[in-house]
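**Student:** When you get a sec, could you give me coordinates for this:
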Amino acid sequence: MTKEFVEDMKLNHPDEYLCDEYAVGRYVWILENIEPLKKLYKLKELWYMELLY
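**Tutor:** Okay, the predicted model is just below:
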């Protein structure tokens, strides 16, 4: 994260800013055009999903 990104989060997204550790040098994923899943999945373990029928 850059200093500008951290300041933008602090000023324009205060609720989200409080929920994580925003600091210069940390990594961040910026997601755009997110679409919901077409099928539901049940999470069994952290990296294992089972398709619900």
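
**Student:** Now do the buried residues in stretch 14-28.
**Tutor:** Across stretch 14-28, burial judged by 16 or more other C-beta atoms under 10 Å covers Tyr17, Tyr22. C-beta coordinates here come from the backbone N, C-alpha and C atoms, glycine included.

**Student:** Between the two ends of it, how far is it?
**Tutor:** Start-to-end span of stretch 14-28 (C-alpha to C-alpha, to the nearest Å) is 16 Å.

**Student:** And the contacts of it?
**Tutor:** Contact with stretch 14-28 is made by Met1, Thr2, Lys3, Phe5, Val6, Met9, Lys10, as judged by C-beta atoms under 8 Å, 6 or more residues apart in numbering.

**Student:** What is the most widely separated pair among these?
**Tutor:** Largest separation among the contacts of stretch 14-28 by C-beta to C-beta: Thr2 and Lys10, giving 12.7 Å.

**Student:** and the two? which has more neighbours close in?
**Tutor:** Shown here are Thr2 and Lys10; by other C-beta atoms under 10 Å, Lys10 has more neighbours (13 against 10).

**Student:** does the more buried one count as helix, strand or coil?
**Tutor:** helix (DSSP: H, G, I helix; E, B strand; the rest coil).

**Student:** Quick one: residues contacting Trp29.
**Tutor:** The contact partners of Trp29, by C-beta under 8 Å, 6+ apart, come to none.
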